[in-house]
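>>> Model the following, please.
(chains A and B)
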Amino acid sequence: MSEERSGTWAVAAASQPLQRRDSRAARDRSKYVFLLPTVILILLLSIFPLLFSLAVAFLSWDLSRLEGGIRFAGLANFITLVKDARFWNTTRVTVFFVTGAVALEYVLGLGVALLLNQITRFRRVFVVISLMPMMLTPAAVGYVGRMLFNESKGPINDIIQMLGGPMVPWTSEGSLALPSLILVDAWEWTPFMLIVLFAGLQSLPQEIFEAARVDGASDLQIFRRITFPMLAPVSLTIILIRGLEAFKLFDISAVMTGGGPGTATETVTMYAYRVAMKNGNLGYASAIAYSLLIMIVIFSTVFLNSLRRRTAAGLD
Amino acid sequence: MRLTMSQYQRIKLAAAYVLLTLWAVLCLFPIYWLIITSFKQPIAVFRGPKYFPWIDFQPTLDAWNYLLFGPVQKEVLRSWSNSALLAVSSAVLAVIIGSMAGYALTRFHYFVPGLKWQNRDIAFWIISQRMLPPVVVILPFLIMYRFVGLVDTHVGMILAYTVFNLPFAVWIMRDFFLGLPTDLEESALIDGASRLGAFRKIVLPLSTPGLVATFLFCMMFSWNDYLFALMLTFSRASTLPMYIAGEGTQTYGPQWWYLSALSLLAVAPMMLITLLVERYITRGLLVGAIK
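Okay, here's the model as predicted:
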């Protein structure tokens, strides 16, 4: 967004005279010296692996089988994938996790950001405190989640029982393990939503709110008609960013639940990892990994389209 | 009784403070729990949750002694120093290479003929690499690293983390350079400075806030990573998250005291950094998200 505002103009205004003053040869040289290291690294260690992975997905390459070696297998891995109930389960788990975690994080983050926007004192204290969870190593966060949600020795059940509630089988009951995981993820990542939404709130022009208040609009009306619509572009952007990250979930669940009980919290990344490292089936693991990439591409395309639609609507 | 406007405002403000305090408690409780558990004796862990040191349990240094001076000392220190070495060196590399590319994308004009790409498209191509799920590229990494002997080496891990962080570094530095006035570098160029010289002596010193924010984020990503370390290392170059995960999934209740201390070793540096340079971190987050 800011790119349109400051960027294009800054470049147009600044780079023309600069380019004239360098000698042509020196300019051409530095032009490539500056950009090439990045491009080469990305081509070599990001694009090449990506294509390599795609190629492997069409191979039968199983380290656990002595005979056979590496053969071209056509679509065999993808056909196995479509018929694999465990794969569909991991997809369901991942999509459920992404939806639940991102929705919870957004709603909570927006709520706390609105509160933070109302107060004037101690703002920085609350901001620093909110930053803490997000900076922590996910493996350690998974481990903390494991302790907190432990059924007999964890504090969460203890507090629930003190208040007269039942003993909740957080991580041993299949249907509760994933929500527990979502809660832990929300603990770590709501702060991200909060900080960005708070900055978004601060950047809104104050005159509109004053005008609305003078006209006698209630707080709820102001939120529904002004604040929320004006935050929409920021909201969509951070939902996209968090969604993309949430699709890759691995570390928190690996430590907190290990994908269990059974396969109740096994994500696509975890399944691909297991197929590759535990079973040694590199071809099939690549096919699974690629299906995750496809999910992410679909998700982000849908999102970017709705972002673009909103921007276009705003221009009318 | 009807509330007057100012009474209503005051109640609203008070409610906001109460709710925010509740939020702060939620944020801090797990960290508090980690800290007190690391000072518990195994027996205090085993008898169900205890909340307050000296009141419902007697704190000890057993876990810390075990960790720092006991039988696991060597492994713990190695994981910790590996984590630090990999995080810092890959962040430095990503910042150097990334800021050069970010600078180039704001000061030169590029055109890729076959694809009709211009600067914007190149920038988008670079940042889109960050959206890739790591699991897609990690298998080829493993196969390639086996081939060239980089598995479980520091060099291999630094390279992997640098590439992983590069898109983000380019993106954030590009955004920073877009807002940087160009008069000073122009006059340096007129005075006969080379482009690289002007970049090093004038542009970089002016960009310290952006460089610091980028460095911190890259360092955090590498320090916190688990998947790359899990796939590409097993002993010599393995990191702290690996160690936590390895211990954390094998043990139950009674080991909590020791694992909590271990987790604190992993999270303490990042928490300290957050406290010291919160401003830079907030800034980096906003560039990454809003712009």
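>>> Need the contact partners of stretch A:236-248.
A:94, A:97-98, A:101-102, A:105-106, A:185, A:189, A:192-193, A:196-197, A:268-269, A:292, A:295-296, A:299-300, A:303-304, A:306-307, A:310, B:131, B:133-135, B:288-290 (Cβ atoms under 8 Å, 6 or more residues apart in numbering or on different chains). Backbone N, C-alpha and C define where each C-beta goes, glycine included.
>>> The lowest-mean-pLDDT helix or strand in chain B: which residues count as buried?
Counting by mean pLDDT, DSSP states H and E, chain B has its least confident helix or strand at helix B:42-46, which shows a mean of 71. Buried residues in helix B:42-46, counting neighbours by 16 or more other Cβ atoms under 10 Å in any protein chain shown, are found at B:42, B:44, B:45.
>>> likewise stretch A:106-119?
A:106, A:108, A:109, A:110, A:111, A:112, A:113, A:114, A:115, A:116, A:117, A:118.
>>> ok, the residues you listed vs residue B:158, which is closest?
residue A:109 (34.0 Å; Cβ to Cβ).
>>> So what does the closest one look like in phi/psi?
Phi and psi for residue A:109, reported as degrees, to the nearest 10, are phi -60, psi -40.
>>> wait, it sits on residue A:200?
No. In this structure, residue A:109 is not within contact of residue A:200 by Cβ atoms under 8 Å, at 10.7 Å.
>>> Which parts of the stretch 51-200 of chain A are helices?
Secondary structure of the stretch 51-200 of chain A (DSSP state H, counting those that start in this stretch): helices at A:76-83, A:85-118, A:123-135, A:138-148, A:155-162, A:174-203.
>>> can you check the stretch 51-200 of chain B too?
Using DSSP H, counting those that start in this stretch, helices in the stretch 51-200 of chain B cover B:62-69, B:73-107, B:119-128, B:134-148, B:154-178, B:183-190, B:195-198.
>>> Deepest-packed of these, please.
helix B:154-178 (a mean of 24; mean count of other Cβ atoms under 10 Å in any protein chain shown).
>>> Is any residue of that one near chain A?
Yes. Contact of helix B:154-178 with chain A is found when judged by Cβ under 8 Å from any Cβ of the partner chain, involving B:159, B:160, B:162, B:163, B:166, B:167, B:170, B:175, B:178.
>>> Contact partners for the most centrally placed residue in chain B?
In chain B, the centroid-proximal residue (Cα atoms, centre = their mean) is residue B:220; its distance is 1.2 Å. Applying Cβ under 8 Å, 6+ apart, we find residue B:220 in contact with A:135, B:87, B:270.
>>> Excluding sequence neighbours, find me the nearest residue to the last one.
With sequence-adjacent residues excluded and distances taken as Cβ to Cβ, 6 or more residues apart in numbering or on different chains, residue B:270 is closest to residue A:135, at 4.2 Å.
>>> That neighbour contacts residue B:275, correct?
No. With contact defined as Cβ under 8 Å, residue A:135 does not count as touching residue B:275 (9.8 Å).
>>> More neighbours: the two, which one.
More crowded of residue A:135 and residue B:275, by other Cβ atoms under 10 Å in any protein chain shown: residue A:135, with 21 against 12.
>>> The more buried one and residue A:74, how far apart?
Separation of residue A:135 from residue A:74 (Cβ to Cβ, to the nearest Å): 46 Å.
>>> How about residue B:102?
For residue B:102 relative to residue A:74 (Cβ to Cβ), the value is 43 Å.
>>> What's the separation between the spatially most central residue of chain A and residue A:188?
Centroid-nearest residue in chain A: residue A:245, 2.2 Å away (criterion: Cα atoms, centre = their mean). To residue A:188, residue A:245 is 11 Å away according to Cβ to Cβ.
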